[in-house]
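Asker: what follows is a predicted protein model with its sequence.
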Amino acid sequence: MKGRTMSDRSRVGWWIALALLGALLLTTATAQKPTLLIANWQGYGSDLPWVVQAFEQECGCTVKQVDFSSEQQLLNMLKQGGVGQIDVALPNSTYIRYAIDDGLVQPIDVSRLSNYHELIPGLTRLDALKAGGQVYGVPWLWGTVGIGYDPDLVSTPVQGYAALWDKQYAGKTTFNDDPVIAVMTAAVYLGEDPYHPDLAKVKQALLEQKRLDVTYWATTDDFTKLYTSKQVVLGNVWSGLATQIQANGYPIRYVTPKDVITWVDNWVIVKNAPHPDLAYKWIDFMISQRFQDRYARDLKQQPPSPANQIVAESLPADQRQTFQSNAVLETNIPQQTYNAWSQLWTEVKTTPVKPLP
Amino acid sequence: MRARGRWAGVGLLAPAYGLIVVLVLVPLAALLVESLTPGRVAGPASLGLLFENYLRFFRDGPSRFVLANSLTIPAVATVLCVAIGWPLAYALAKVHRRRGNALLAVLMAPFFVSYLLIIYAFMGLLQVGGPVQVALHALGLVPATTSLLYSRAAVTLALVYEYLPFMVLSIYGSLERIEDSVLEAAASLGASRLRVFAEILWPRSVPGVIAGCALVFIPATGSFVEPQILGGTRVSMLGEVINAQINQTFDLPRAATVSLVLTLAAVAGFALLALAAHATRRAVSR
């Protein structure tokens, strides 16, 4: 425009300068905010947008997440530079022992967690979370590995893990690809001590079981596809996954055998965490009713069972699970044992078997 | 003067030699050393021998069986790639010459798709209720609830689809180099089409076929996602064993052992395929 004067132009210049200054201030302001670094599985509650937003507002900090895709990877991550960088992490009830033994985590002062007393006592009592009289892990979510089956196609009532060996379902079953679950399931089926089973017998049983399977399932997606396309009618499955499949409109019945295999995921504070205060705040938020209630009711997230007792008891009957202190816990498995079990499982997986007709 | 020239040549090639040493020889040596260290789960029967991991591998019946799978499945896939790929390459190089480039681009499409996506697509096609399964059932060939998944055929099919472009490209390269005048001369001298194929086209495409075999067979022997997803509990390949030893058992010495066995077996298998292809050249032209 011809009529535009010099002062117009300089005003534009001023605005630009002001905007730049604002942006600069904003970035330094965010840079000055402390950043809580969380190690967790991807898509497992802690990285939901509403969760991050709510916590960032509350703590005046920024939340950053690093993902791991196996428990072993989490340990490696902590050993290879994670200590001193990561604030909180989420090992399960098996791996927390290795983290404690390797000195990767620090003791937690539970009196600083205002919601700790709301947790299910059976969970906070677990030996696996403690060492030398100190608490190292705060239970967050837990679940069972029971049997899921199609009520329309399976007419005989299913009670225990023996259903996975029932030949009438040959060619219609699947089994979870996990060494600890595999060995423990076979041990319970055989009536062996699930923590010290006869491995030769376990291997034989797992090879027998393999003859019934169309395939093993590793990811939730694997199981969902197999089940909803009716390629399998029965398999061992995580409680949360069964709930999700049911919520998506596919009828599935979930049973927990008497000696049901149970796992617990726990928050830990990493040794030399840069922001210990934020770490306490985060854990307190994670076990609060505010988080646990909303997360447990969002079935699309296939939530496991909440560790907060008040929330757990308020859930609808079909989603409610009672933590059994006599359950077969995936915990206290020494590293040596774990190695032997995973070696056995690799052998089972790669041994060819004749499928049952 | 000559000596200086030679040294200059060596100097100029040094970076390339260096890369080969650093990226090929050193890792191979590391693999060998790793495979000679005791396995993480030595077990009660540890003999304390240098080649114990190898001994264990070959003494173990299932391992041998899985090794056989790792060679036969890719071998069948490679032969199928030649059977499907040769006519395709011929069509591109000699028939649709004008649109050759466009068709080549279409053929390359699978290259641009993640192999995981291809594998899952095959899963969708073959599973119960998938189009292929439904079509075969409609034709009365399979029962309604029989899945085509979890079989050798499913794994082989996926490998053929994934690796076919490599085979077509390398055969295309050798067919394109055959001068039309040679083919015209053969035709004008009364050679039948079959004779043109047997005495000119096939023998002169064999180098391309052999190169294609290397590009298809060797990487296919290392597959682990295909047998895992499409083979289920029914079909196992050594790639899965290596993967499990690294990611689940964390037994690197055994993983290294299996990797080296597989590498040597793959090279031997490829040599056999190449010899076979070479032999057909003489057999056909006789």
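Answerer: That came through, no problem. Everything numeric in this text was worked out from a predicted model, so none of it was measured. Numbering: from 1, shown residues only, chains lettered A, B, ... in the order given.

Asker: what does the stretch 251-357 of chain A put close to chain B?
Answerer: A:339-340, A:342-343, A:345-347, A:349-353, A:355 (C-beta under 8 Å from any C-beta of the partner chain). From N, CA and C alone the C-beta is placed, and that goes for glycine too.

Asker: so which of the residues you listed belong to helices?
Answerer: A:339-340, A:342-343, A:345-347, A:349-350 (DSSP state H).

Asker: so can I have JSON lines of those showing neighbour count?
Answerer: Shown next, in JSON lines, are those (neighbours: other C-beta atoms under 10 Å in any protein chain shown):
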{"residue": "A:N339", "neighbour count": "17"}
{"residue": "A:A340", "neighbour count": "18"}
{"residue": "A:S342", "neighbour count": "25"}
{"residue": "A:Q343", "neighbour count": "23"}
{"residue": "A:W345", "neighbour count": "24"}
{"residue": "A:T346", "neighbour count": "21"}
{"residue": "A:E347", "neighbour count": "18"}
{"residue": "A:K349", "neighbour count": "21"}
{"residue": "A:T350", "neighbour count": "22"}
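
Asker: need those residues in JSON lines with pLDDT, can you?
Answerer: Compiled in JSON lines, these are given as follows (pLDDT from 0 to 100):
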{"residue": "A:N339", "pLDDT": "84"}
{"residue": "A:A340", "pLDDT": "89"}
{"residue": "A:S342", "pLDDT": "87"}
{"residue": "A:Q343", "pLDDT": "86"}
{"residue": "A:W345", "pLDDT": "92"}
{"residue": "A:T346", "pLDDT": "87"}
{"residue": "A:E347", "pLDDT": "88"}
{"residue": "A:K349", "pLDDT": "89"}
{"residue": "A:T350", "pLDDT": "84"}
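
Asker: closest to A:R211 out of those residues?
Answerer: Distance to A:R211 across those (C-beta to C-beta) is lowest for A:K349, with 13.4 Å.

Asker: any idea how far the closest residue to that closest one other than its chain neighbours lies from A:S342?
Answerer: Leaving out its chain neighbours, the residue that sits closest to A:K349 by C-beta to C-beta, 6 or more residues apart in numbering or on different chains is B:A244, at 6.3 Å. Distance from B:A244 to A:S342, counting by C-beta to C-beta, to the nearest Å: 8 Å.

Asker: residues of the stretch 151-286 of chain B that sit close to chain A?
Answerer: Near chain A, when you scan the stretch 151-286 of chain B using C-beta under 8 Å from any C-beta, you find B:231-234, B:236, B:240-241, B:244-245, B:247-251.

Asker: likewise for the stretch 1-150 of chain B?
Answerer: Near chain A, when you scan the stretch 1-150 of chain B using C-beta under 8 Å from any C-beta, you find B:40-41, B:62-63, B:65-66, B:69, B:123, B:127-129, B:145, B:147, B:149-150.

Asker: what does chain A put close to chain B?
Answerer: So far as C-beta under 8 Å from any C-beta goes, chain A lies against chain B at A:70, A:72, A:179, A:210, A:213-216, A:225, A:229-231, A:339-340, A:342-343, A:345-347, A:349-353, A:355.

Asker: what about 6 Å?
Answerer: A:210, A:213-216, A:229, A:231, A:339-340, A:342-343, A:346, A:350-352 (C-beta under 6 Å from any C-beta of the partner chain).

Asker: coming back round to it: sort the residues of the stretch 1-150 of chain B next to chain A by pLDDT and name the bottom one.
Answerer: Scanning these for pLDDT, the smallest score is found at B:V41, 56.

Asker: and the residue nearest to B:L136 when sequence neighbours are not counted, how many neighbours does it have?
Answerer: Excluding its sequence neighbours, the residue lying closest to B:L136 (C-beta to C-beta, 6+ apart) is B:V142, at 4.9 Å. Summarising burial for B:V142: neighbours were counted as other C-beta atoms under 10 Å in any protein chain shown, giving 17.

Asker: can you check the one 4 residues further on too?
Answerer: Around B:T146 sit 14 other residues, with neighbours defined as other C-beta under 10 Å.

Asker: which residues touch the closest residue to chain A within chain B?
Answerer: As assessed by C-beta to the nearest C-beta, chain A sits closest to B:G232 within chain B, at 2.9 Å. B:G232 makes contacts with A:214-215, B:150, as judged by C-beta atoms under 6 Å, 6 or more residues apart in numbering or on different chains.

Asker: export these to CSV and append columns for distance to A:R253, neighbour count and secondary structure.
Answerer: Formatted as CSV, the contacts of B:G232 follow (distance: C-beta to C-beta, whole Å; neighbours: other C-beta atoms under 10 Å in any protein chain shown; DSSP: H, G, I helix; E, B strand; the rest coil):
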residue, distance to A:R253, neighbour count, secondary structure
A:V214, 20, 24, strand
A:T215, 21, 25, strand
B:Y150, 25, 25, coil
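
Asker: in CSV: those residues, plus distance to B:L273.
Answerer: Below are the contacts of B:G232 laid out as CSV (distance: C-beta to C-beta, whole Å):
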residue, distance to B:L273
A:V214, 32
A:T215, 30
B:Y150, 27
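
Asker: between those, which is closest to B:R56?
Answerer: A:T215 (27.3 Å).

Asker: thought B:S147 was touching that closest one, still the case?
Answerer: No - the pair A:T215 / B:S147 is not scored as a contact, 9.4 Å apart, by C-beta atoms under 6 Å.

Asker: ok, the residue nearest to A:K349 touching A:T346?
Answerer: Yes - B:A244 is within contact range of A:T346, at 4.3 Å (criterion: C-beta under 6 Å).

Asker: kind regards, and thank you for your time.
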